[in-house]
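Asker: quick one: sequence plus predicted model below, questions after.
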Amino acid sequence: MRPVRSDLAPRPGLSRDEMESLQRRVAEAAVFEDDLPFDPARVSLDSPERENETLTDATAPGGDADSPPLVAGIDQSFLDDRALSAVVVLRGGEVVERVHAVSDLDLPYIPGLLSFREGGPILDALAELDCDPDLLVFDGSGRIHFRQAGLATHLGVVCDAPSIGVAKSLLCGTPDEDVDGRPEGWRTPIRADDSVDPVGGHPAGPETTIGYAFQSRQYDSRPIVNPLYVSPGHRLSAATAVDLVSQLSGSYKLPEPTRLADAYADEAKAQYED
DNA sequence: GCGACAG
DNA sequence: ATCTTGTCGC
């Protein structure tokens, strides 16, 4: 998979102000409404049943009428000053491709500028892909970001691909309701607050839903498991983003694509440790 | 000045 | 993210 908007790609050597203004340009280019080349209802972990199926072109955008869309999960692990970016692609419940790349890191982790640290390395891994995913699921935020341009939004726009951000903690914004001790499947909107700037046609008032808190898993009744914070990256709405994450949830807290990428990032890491 | 913050 | 043993429970 190749970058389509390389002009907006995270480049090393930018000043903080330059990185922030690039994020505003990314937000301007971002689409937080459904603009998908496939039916979101077809995204699932169920393996397609193709018994009496005739020969079809499963490589077309969105696949054929029976095969589910290709969903890529992306995550990283670290080795000293290098990042190992892993990508696992699923079609229904089947893993169809796994690739990874090891890249040097230019910046430290700075809240709000994550895509400038991990974005380049992730693009390195995506370039290794033979297939062309219909949806990208990132570990981190999308629109839930100070300038509405988190990692998922930045790379979704650069690749011009539908993308979703799945974070384990909240960067900014305010949940409509208290998120503790909620049952599986529960969700509540995350509204923009004072720390979120309006950018390029995307408002940032309390009426703006920039994402959702989503309880993907809960064991008993104890508030042991925190919710996930799901936000649209590019080409879909916040509501569709949570629905998709819900559809991609298996038996664990993280949705399957991201969980598998997380495991693969650790597994592959062992090959590079001195 | 204080607070607060994805991975 | 990463450093890390055991431990509680389905």
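Answerer: Nice, I can see it.
Asker: wait, what's in contact with the most centrally placed residue in chain A?
Answerer: Nearest to the mean C-alpha position of chain A, by CA atoms, centre = their mean, lies A:F138 at 2.5 Å. Counting by CB atoms under 8 Å, 6 or more residues apart in numbering, A:F138 touches A:I74, A:I122, A:L151, A:A152, A:L155, A:S163, A:I164, A:G165, A:V166, A:G233, A:T258. Glycine gets a C-beta too; all of them are placed from N, C-alpha and C.
Asker: need the three-state assignment for A:D266.
Answerer: Put simply, A:D266 is helix when judged by DSSP: H, G, I helix; E, B strand; the rest coil.
Asker: correct me, but it touches A:L79?
Answerer: No: with contact defined as CB atoms under 8 Å, A:D266 does not reach A:L79; the gap is 11.3 Å.
Asker: give me the below-cutoff pLDDT ranges for the stretch 151-274 of chain A.
Answerer: Applying pLDDT under 70 to the stretch 151-274 of chain A flags residues A:220-223.
Asker: that one: strands as residue ranges?
Answerer: With DSSP state E, counting those that start in this stretch as the criterion, the stretch 151-274 of chain A has strands at A:163-167, A:174-175, A:187-191, A:209-214, A:228-234.
Asker: quick check: angle from the first one to strand A:228-234?
Answerer: Our comparison of strand A:163-167 with strand A:228-234, counting by axes from the mean of the first three to the mean of the last three CA atoms, to 10 degrees, yields an angle of 160 degrees.
Asker: now check strand A:163-167, is it near DNA strand C?
Answerer: No: Strand A:163-167 stays clear of DNA strand C (CB under 7 Å from any atom of the strand), getting no nearer than 9.2 Å.
Asker: what lines up beside that strand in the sheet?
Answerer: Strand A:163-167 pairs in its sheet with strand A:135-139 (parallel), strand A:228-234 (antiparallel), by DSSP bridges.
Asker: for the residue of chain A found nearest DNA strand C, give its distance to A:A265.
Answerer: With CB to the nearest atom of the strand, the shortest gap between chain A and DNA strand C falls at A:S77, namely 3.5 Å. Note on A:S77: its distance to A:A265, by CB to CB, to the nearest Å, is 4 Å.
Asker: who's in contact with stretch A:182-193?
Answerer: Contacting residues not belonging to stretch A:182-193 are listed as A:144, A:170, A:172-177, A:179, A:203-218, A:227, A:229, A:231, A:238, A:242, A:246 [CB under 8 Å, 6+ apart].
Asker: for DNA strand B, what are the nearby residues on the stretch 51-200 of chain A?
Answerer: Residues of the stretch 51-200 of chain A lying close to DNA strand B (CB under 7 Å from any atom of the strand) are A:75-76, A:109, A:111-115, A:139-141, A:145, A:150-152, A:165, A:167-172.
Asker: let's see 6 Å
Answerer: Neighbours of DNA strand B within the stretch 51-200 of chain A, by CB under 6 Å from any atom of the strand: A:76, A:109, A:111-115, A:139-141, A:145, A:150-151, A:167-169, A:171.
Asker: those in helices, which ones?
Answerer: A:L114, A:S115, A:L151 (DSSP state H).
Asker: can I have the buried ones of the contacts of stretch A:182-193 as a PyMOL selection?
Answerer: To isolate the buried members of the contacts of stretch A:182-193 in PyMOL, using 16 or more other CB atoms under 10 Å:
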select buried, chain A and resi 144+170+172+173+175+179+204+208+209+210+211+212+213+214+215+216+217+218+227+229+231+238+242+246
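Asker: mind listing the strands for the stretch 1-150 of chain A?
Answerer: Taking DSSP E, counting those that start in this stretch as the test, the strands found in the stretch 1-150 of chain A are A:70-79, A:82-91, A:94-104, A:135-139.
Asker: list the contacts of A:P111.
Answerer: If you count contacts by CB under 8 Å, 6+ apart, A:P111 has them with A:L171.
Asker: now it: phi and psi?
Answerer: The phi/psi pair for A:P111 (degrees, to the nearest 10) reads phi -50, psi 130.
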